[in-house]
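> below is the sequence, then the predicted model.
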Amino acid sequence: MSSFLRPLTTPVTYTRWLHLLLPGAAVSVWLFISTDTPWVPVVLAALVGLIPGMRLAEGIQAQLLLTPDERGDPAATISVTPSTSWSERWRTSLWLEVRLLCTALAGMATVWLLATAVDLIRSAVGSEPSAEWFAAGLGTHWWAALLAPVPLVMLLAIIVSCGELITAAARWLLGPTRKQRMTALEERTEQLLERNRIARELHDSIGHALTVAVVQAGAARAAHDPEFTERALAAIEETGRDALDDLERVLRVLRESGEPTGQQPSLSEADRLLDSARGSGAEVDADLSGPLEQVPASVSREGYRILQEALTNVLRHSGSVAVRVRVRVTVADGRLELEVTNPLMGSIDTPLAGSTDAMGRGSGLRGIRERAALLGGSARTGPHEGVWMVHASLPLHRIR
């Protein structure tokens, strides 16, 4: 019983009813002007549907009244765009014809069944029913009150059925075409990729800054040396400023302010990362060869972030241990090869850097592999010949 009465408490039932009755007003006005030409509204609807803007107007009205829960949803089943092809124009014309048909059915049911319910009530209270409706000639009977709900139930069933029918027709005839669905899907995919990229940017930049700050602060406290403490504070300040610049650039992208997002980091600034790692106590042996300044911006940016995450990983797990880090960056034969290695601690099962348990289930290592994959390259992380290795190989000719 509750499922049968549920449409009575659902707002969309009444908005669809309104949508069904709206064209009836215009048709009634025409029939009042000329009762001999009832076919004119049908012809006019077919012609008006060929106007490109009519699809937009009908789409807005249908989405508002038939599927209000989809308003503003990029995946809405009813599009709100003008016709861009003759196929969409003919579909709009057919939609208007279907709408007129459903309007006629819903309008007749609304008028006749409501009037019949009123006549049955009049019969029950001793008044003679009118001669125009279904209860004509019934006479006056008290038991007519028991029949009064029947027309109302029939009306509800017809309105709900017509509402479902007109909604299905709108989704079919006013819905997005295959091309529009593909475009929307591509836009959604681009948005998700951009969000993932921004998340990686924040993870790498802020994570690196916090790691350097923690390591420097811990070392300064343990050293009890004012000169060392001064250098540590300077390194923390410089790293923090760089992280704030990166954060501000990402926030500008999120705000979509249209302002320049600032200079993207590149491998030409790798010395900044190496100096930061040295200032945090690591013994860095770096060898950068090849024309790094000629590396495409996308590859250079991702290479910088991979190097940043690899060094952050080392510093995060080294603690107060002065760890030796070997960095090799080479540009040759159309590829960027980047490798960062450091000793394992004790055994291959307890690496100094790279433990997925200590890294939040390996989100940093996963980010390195994702960055490489987006550029058509590859990345390997893990123990290798007695050291922990991060190796990335990025093509220079395949930029996404």
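Alright, I've got the coordinates.
> what is the mean pLDDT for the strand or helix carrying Thr116?
Assigned by DSSP states H and E, Thr116 falls within helix 86-124. The pLDDT scores in helix 86-124 average 88.
> and what of stretch 282-299?
For stretch 282-299, the per-residue pLDDT averages 86.
> chain center to that stretch, what's the gap?
Distance of stretch 282-299 from the chain centroid (CA atoms, centre = their mean, to the nearest Å) equals 36 Å.
> then stretch 210-226?
Counting by CA atoms, centre = their mean, stretch 210-226 comes out at 42 Å from the chain centroid.
> name the residues that touch it?
Around stretch 210-226, the neighbours that count as contacts under CB atoms under 8 Å, 6 or more residues apart in numbering are 228-229, 232-233, 235-236, 239-240, 243, 276, 279-281, 312, 315-316, 318-320. All C-beta atoms are positioned from the backbone trio N, CA, C, and that covers glycine.
> give me the subset of these lying in helices.
228-229, 232-233, 235-236, 239-240, 243, 276, 279, 312, 315-316, 318 (DSSP state H).
> give the buried residues for stretch 161-175.
Going by neighbour count (16 or more other CB atoms under 10 Å), the buried part of stretch 161-175 is 162-163, 165-167, 169-171, 173-175.
> and those residues, which is closest to Thr77?
Comparing these against Thr77 with CB to CB picks out Arg171 as the nearest, at 4.5 Å.
> ok, Arg278 - contacts?
Residues counted as contacts of Arg278 (CB under 8 Å, 6+ apart) are Val284.
> now do the SS call for Pro343.
strand (DSSP: H, G, I helix; E, B strand; the rest coil).
> before we move on, what about Ala76?
Applying three-state DSSP: Ala76 is coil.
> spatially nearest residue to it, not counting backbone neighbours?
Distances taken as CB to CB, 6 or more residues apart in numbering place Glu70 nearest to Ala76, at 4.1 Å, with adjacent residues excluded.
> and the next helix or strand past the one helix or strand in the chain whose mean pLDDT sits lowest?
None of the helices or strands of the chain scores lower by mean pLDDT, DSSP states H and E than helix 2-5, at a mean of 63. Next in sequence after helix 2-5, counting helices and strands by DSSP H and E, comes helix 11-33.
> so that next one versus helix 86-124, what angle?
Angle of helix 11-33 versus helix 86-124, following axes from the mean of the first three to the mean of the last three CA atoms, to 10 degrees, is 90 degrees.
> Ser266: neighbour count?
If you count neighbours by other CB atoms under 10 Å, Ser266 ends up with 18.
> related to what we said a few turns ago, specify which member of the ones in helices among the contacts of stretch 210-226 is nearest to Ala373.
Of the ones in helices among the contacts of stretch 210-226, the one sitting nearest to Ala373 (CB to CB) turns out to be Thr312, at 20.0 Å.
> you'd agree the closest one is up against Gly364?
Yes - Thr312 is in contact with Gly364 according to CB atoms under 8 Å; the separation is 7.1 Å.
> got the residue ranges for the strands in the chain?
Along the chain, the segments classed as strands by DSSP state E run 283-289, 324-332, 335-343, 378-384, 387-395.
> format those strands as CSV; extra columns: distance to Arg99 and mean neighbour count.
As requested, these are exported to CSV (distance: least, CB to CB, whole Å; neighbours: other CB atoms under 10 Å):
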stretch, distance to Arg99, mean neighbour count
strand 283-289, 69, 14
strand 324-332, 64, 18
strand 335-343, 60, 22
strand 378-384, 56, 16
strand 387-395, 55, 22
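> for Thr84, find the nearest of these.
Using CB to CB, these put strand 387-395 closest to Thr84, at 38.1 Å.
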